[in-house]
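kindly return the folded structure for what I paste below:
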Amino acid sequence: MADLTMFNPNAISNPNNNIFGLPFTEEDARLIILPVPWEVTVSYETGSARAPNHILRESLKVELLDEDMKDGWRQGFFMRIPDKKVLMKSDYLRKEAELYINYIAEGEHTEENKFMTKTLKEVNAGGVYLNEWVYEQTKDLLNKGKLVCVLGGDHSTMLGFLRAIAERHGDFGILQIDAHCDLRNTYTNFKYSHASVMYNALEEIPQITKLVQVGIRDFCEEEEQYLQAHPDRIKVFTDNRVNRRLLEGEIWKTIVDEVIEQLPQNVYISFDIDGLDPKLCPNTGSPVQGGLEISQAFYLCKKIVFSGRKLLGFDISEIGISRNGWDENVGARVLFKLCNLMLLGNTL
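Okay, the predicted model is just below:
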């Protein structure tokens with residue numbers, strides 16, 4: 001364990017320390033944050049690949065007292081340095097993906113262009129590489145008895161982590177906070193697109209017994225058909241329907257209770273930051289009006305823990321880069337809350 005006798009949690013954070021200014025090493029910390037600097041298939045704005053470093057900086061502004069887990073930080077949080085090889089590969093393939101997206105946006109047929117056919121194969125191979133890399137990294141940490149979270153990057157970054165969790169824990173459910181369903185078979189022909197991550201998870205990982213989505217307000221006909229075809233495995237609380245219920249007098253607790261009732265005993269939280277109202281994350285890759293307030297999201301996640309369910313892991317994705325650090329500051333606070341709830345969900 002780390003020696004905390006000389007550490008003052010009330011003092012200004014030391015930038016030479018790790019996440020949240022904490023003086024832990026990877027060996028000392030109970031919870032490890034794996035940054036995944038990857039955003040190859042993003043549809044609109046970029047920046048999330050470099051978000052982890054910005055979140056690290058903004059995390060120094062977060063006070064260490066959490067009302068739900070006051071001394072949680074003493075068990076140790078540690079964030080690894082983002083892997084430069086992964087980031088370089090993301091940067092290269094992102095440029096390739098942009099060329100491809102622009103090409104098909106003009107109505108061109110890729111099968112008639114050898115260069116674009118090669119580009120598509122490269123990008124899809126990159127997705128396979130990324131999934132395997134995340135799987136190996138998280139599997140190793142789980143085998144060491146660590147609690148783990150993935151910090152994106154785009155939403156596709158956590159698929160390998162879900163594989164590692166399934167192998168270690170067996171059946172589990174996912175709570176997905178998101179503006180989008182991410183249930184497309186492919187998107188712009190990219191198999192491991194951020195817009196397909198939940199489809200891939202359900203198709204490739206049979207241990208995922210339930211997917212419960214909250215905050216959804218932007219999805220397509222293909223995704224709606226997939227939802228209708230899998231009513232026993234997927235439950236969606238769309239933003240439109242939830243807000244109508246709230247406007248007609250129901251309370252958030254009632255809806256949260258229904259959400260939790262759909263989840264099995266073992267739960268994974270997938271938190272796409274665009275699930276929040278975009279005033280909290282204006283620079284996320286695909287912002288959509290509406291969404292959850294931060295208090296609603298935290299209440300939902302906290303109630304899962306207090307229901308007696310176990311948190312197996314979580315991810316946070318799609319955090320954008322802003323000039324004043326606002327998006328990253330919000331991201332750091334979401335990260336701190338989920339880290340504490342992760343500890344709480346493995347203590348109660």
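
over to the nearest residue to R94 once chain neighbours are set aside: give its phi and psi.
Nearest residue to R94, sequence neighbours excluded (CB to CB, 6 or more residues apart in numbering): V40, at 5.2 Å. C-beta coordinates here come from the backbone N, C-alpha and C atoms, glycine included. When read as degrees, to the nearest 10, the backbone of V40 gives phi -60, psi -40.

distance of V123 relative to L56?
Using CB to CB, to the nearest Å, one obtains 28 Å as the distance from V123 to L56.

ignore the last one, N18
From N18 to L56 the distance is 8 Å (CB to CB).

please enumerate the shared neighbours of those two.
Residues touching both N18 and L56 comprise M79, with contact defined as CB atoms under 8 Å, 6 or more residues apart in numbering.

can you give me the helices in the protein?
Counting by DSSP state H, the chain has these helices, from start to end: 51-59, 84-105, 114-143, 159-169, 197-204, 221-229, 239-247, 252-261, 294-306, 326-344.

burial check on P35, number of neighbours?
Look at P35: counted by other CB atoms under 10 Å, it has 26 neighbours.

before we move on, back to that, and for the residue nearest to R94, the neighbour number?
For V40, using other CB under 10 Å, the count is 29.

that one against S90, yeah?
Yes - using CB atoms under 8 Å, V40 is in contact with S90, at 5.5 Å.

joint contacts of those two?
G126.

what sits against G320?
45, 47-48, 51, 273, 281-285, 327.

any idea which of the residues you listed is closest to G72?
Of all the contacts of G320, G72 sits closest to I273, with 21.5 Å by CB to CB.

how many neighbouring residues does that closest one have?
30.

re the thing from before, model confidence for the residue nearest to R94, exactly?
On the pLDDT scale, V40 is placed at 96.

run the chain-centre distance for the lowest-mean-pLDDT helix or strand in the chain.
For the chain, using mean pLDDT, DSSP states H and E, the weakest element among its helices and strands is helix 84-105, scoring a mean of 92. In terms of CA atoms, centre = their mean, to the nearest Å, the centre of helix 84-105 is set 21 Å apart from its chain centre.

what does stretch 306-314 give?
16 Å.

start to end distance for it?
End-to-end span of stretch 306-314 (CA to CA, to the nearest Å): 17 Å.

for beta bridges, what are the partners of V236?
Q213 (DSSP bridges).

my read: K191 touches N124, true?
Yes - using CB under 8 Å, K191 makes contact with N124 at a distance of 5.0 Å.

re the thing from before, packing partners of the least confident helix or strand of the chain?
Where contact means 3 or more CB pairs under 8 Å, 6 or more residues apart in numbering; DSSP states H and E, helix 84-105 is packed against helix 114-143.

buried sites along stretch 122-134?
123-124, 126-127, 130-131, 133-134 (16 or more other CB atoms under 10 Å).

and the helices of the chain as CSV, adding distance to F314?
Compiled in CSV, these are given as follows (distance: least, CB to CB, whole Å):
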stretch, distance to F314
helix 51-59, 14
helix 84-105, 20
helix 114-143, 12
helix 159-169, 9
helix 197-204, 14
helix 221-229, 23
helix 239-247, 21
helix 252-261, 16
helix 294-306, 9
helix 326-344, 5
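
for L34, which of the ones you listed is the nearest?
Short answer: helix 114-143, nearest of the helices of the chain by CB to CB, at 5.7 Å.

could you give the angle of the closest one to helix 197-204?
70 degrees (axes from the mean of the first three to the mean of the last three CA atoms, to 10 degrees).

what's near enough to touch P52?
35-37, 79, 82, 151, 153.

quick one: residues contacting the residue nearest to it when sequence neighbours are not counted.
Nearest residue to P52, sequence neighbours excluded (CB to CB, 6+ apart): P35, at 3.5 Å. By CB under 8 Å, 6+ apart, the contact list for P35 reads 52-53, 79-83, 151, 153.
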